[in-house]
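*Asks:* what follows is a predicted structure for the sequence shown.
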Amino acid sequence: MANTETALKEALASIEGATGVALVDYTSGMALGTLGGSKSFDLNVAAAGNTDVVRAKLRTMEHLGLKGQIEDILITLSDQYHLIRLISGRGGNGLFIYLVLDAKRSNLAMARHQLRRIEEDLEV
Amino acid sequence: MTAVQTTPPPRLPVRDKAAARDRGWGGVSPMLTRLAAERATGVLIRERGTLHLAEGRVVHADSPSAPGLDVLLTARGTLDGDTWRQALTETGDRHRAGHLLVDGGHLTRGALEVCQLTALYDAAYFALSPSSTPGRFRYGTEADGESEPKPGPGCECPVPVAALERETLRRRDLLHRIWPDPATDEAPLVRAHRAAPPKPTARQRAVLAELDEVRTATDIARDLGRPAFHTLVDVRRLAAAGVVSPRPPALPEPSPAPQAPGPYEGIPADVTDPHITLLKRLRDALEAL
């Protein structure tokens, strides 16, 4: 069974077009692990900021009374895709994987599928 | 007339907090910063918790305010309590117990690692909170031969001091941005009643169900098996929404001797007019700007 570092490495290596990945705790906003990113793209900042995205969506679903679980949240920029995958599991501690993809080189459907597999490895 | 010219006194030295923040460290504990620089090994004992260092990196943190790894692992059924206790008896050390459970297939490596990191940062947040007494440092791992776990070689998650300090400052800032009044962090909590409260989330509902005017946020965290800092976040959000407040200090006993009616006769001592509470919250928020 993978540890967090291997899981992040696998995400970055096996998902086509991936440029950065982080495992984030969305209550505290802390990145438990990051890989990739660059000087101009600080994954820790992205992690903390995207907790607000996840929280807003969860709150809206509570208001609407929706019972389903969020699987992933996709944000498309003109040149990047940001994929947020919530980690389900008994812990329920609120973790998500945050994946940054280069839009030109990636296959979104494939990336989602691979991320789901990596999530299973990380089940807490 | 002669004017007496005196040289103005030299400016008092002021620690440059902005620069410290840019560096990402130095703002939490100068002693810890120095220990990291000299790659010290030992135990830093502060008012609200301890940090265990190995070669200048943090390998373990403990605080009475934060639930330990065992609570995080067992409370929600990730692991059952007996399995944990058995592993602990066999190995006599929390880190090795964790690894034994991973090897035995009771726990995934990822789950253990995430729980270890969460527990470490959680306890460190409290251990590094501003204190009124200076910290002490005991060098070496042998000095603490008592019940303290030693930073053994088995620990896979040493955290650099700079990262820990940066994260602790970020966490303080996060709490402050949610709701600037820290009163709910340590006081016993009560439910505050307001008209049309916002709907709490599932996590917040669990916290609300635990409110009993006795326990504090960290007590509730332990009972729910959640990290203490996460519960501070939930409670501050609830305080900002006006749903939770710290228990007001007990009113003084009324004196038994009958007194002449005062000018405030007929006005209840404890005013709970919702408008006044709203105005107070508004004032607090404005003051904090």
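*Replies:* Now that the structure is in, tell me what you want to look at.
*Asks:* how about the residues of the stretch 101-250 of chain B near chain A?
*Replies:* Residues of the stretch 101-250 of chain B lying near chain A by Cβ under 8 Å from any Cβ of the partner chain: B:102, B:108-111, B:113-115, B:117-118, B:121, B:156, B:167, B:170-171, B:174, B:199, B:201-203, B:226-227, B:229-230, B:233-234. C-beta: built from backbone N, CA, C; applies to glycine.
*Asks:* let's see which of those end up in helices.
*Replies:* B:102, B:109-111, B:113-115, B:117-118, B:121, B:167, B:170-171, B:174, B:202-203, B:229-230, B:233-234 (DSSP state H).
*Asks:* how about the secondary structure of residue B:286?
*Replies:* Put simply, residue B:286 is helix when judged by DSSP: H, G, I helix; E, B strand; the rest coil.
*Asks:* quick check: it vs residue B:180, distance?
*Replies:* Distance, residue B:286 to residue B:180, by Cβ to Cβ, to the nearest Å: 10 Å.
*Asks:* neighbour count winner among these two?
*Replies:* residue B:180 (15 against 9; other Cβ atoms under 10 Å in any protein chain shown).
*Asks:* break chain B into its domains for me.
*Replies:* For chain B, the structural domains run B:26-176, B:179-248, going by automatic domain parsing.
*Asks:* span of the last one from start to end?
*Replies:* Which is domain B:179-248. End-to-end distance for domain B:179-248, by Cα to Cα, to the nearest Å: 18 Å.
*Asks:* what average pLDDT does that domain get?
*Replies:* What domain B:179-248 shows for mean pLDDT is 91.
*Asks:* again with stretch A:3-10
*Replies:* The model assigns stretch A:3-10 a mean pLDDT of 87.
*Asks:* same thing with stretch B:48-58?
*Replies:* pLDDT averaged over stretch B:48-58 gives 93.
*Asks:* buried set for that stretch?
*Replies:* By 16 or more other Cβ atoms under 10 Å in any protein chain shown, the buried positions in stretch B:48-58 come out as B:48, B:49, B:50, B:51, B:52, B:53, B:54, B:56, B:57, B:58.
*Asks:* CA atoms only for that stretch - export them in PDB, please.
*Replies:* Taking Å, rounded to 0.1, in the frame of the first residue of the first chain, the C-alpha atoms of stretch B:48-58 are listed here in PDB:
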ATOM      1  CA  ARG B  48       1.600  24.100  26.600                       C
ATOM      2  CA  GLY B  49       3.500  21.100  25.100                       C
ATOM      3  CA  THR B  50       6.700  19.500  24.100                       C
ATOM      4  CA  LEU B  51       8.600  19.200  20.800                       C
ATOM      5  CA  HIS B  52      11.000  16.300  20.300                       C
ATOM      6  CA  LEU B  53      13.900  17.200  18.000                       C
ATOM      7  CA  ALA B  54      16.400  14.900  16.200                       C
ATOM      8  CA  GLU B  55      19.200  16.700  14.400                       C
ATOM      9  CA  GLY B  56      17.300  19.900  14.300                       C
ATOM     10  CA  ARG B  57      14.200  18.500  12.900                       C
ATOM     11  CA  VAL B  58      10.900  17.800  14.700                       C
END
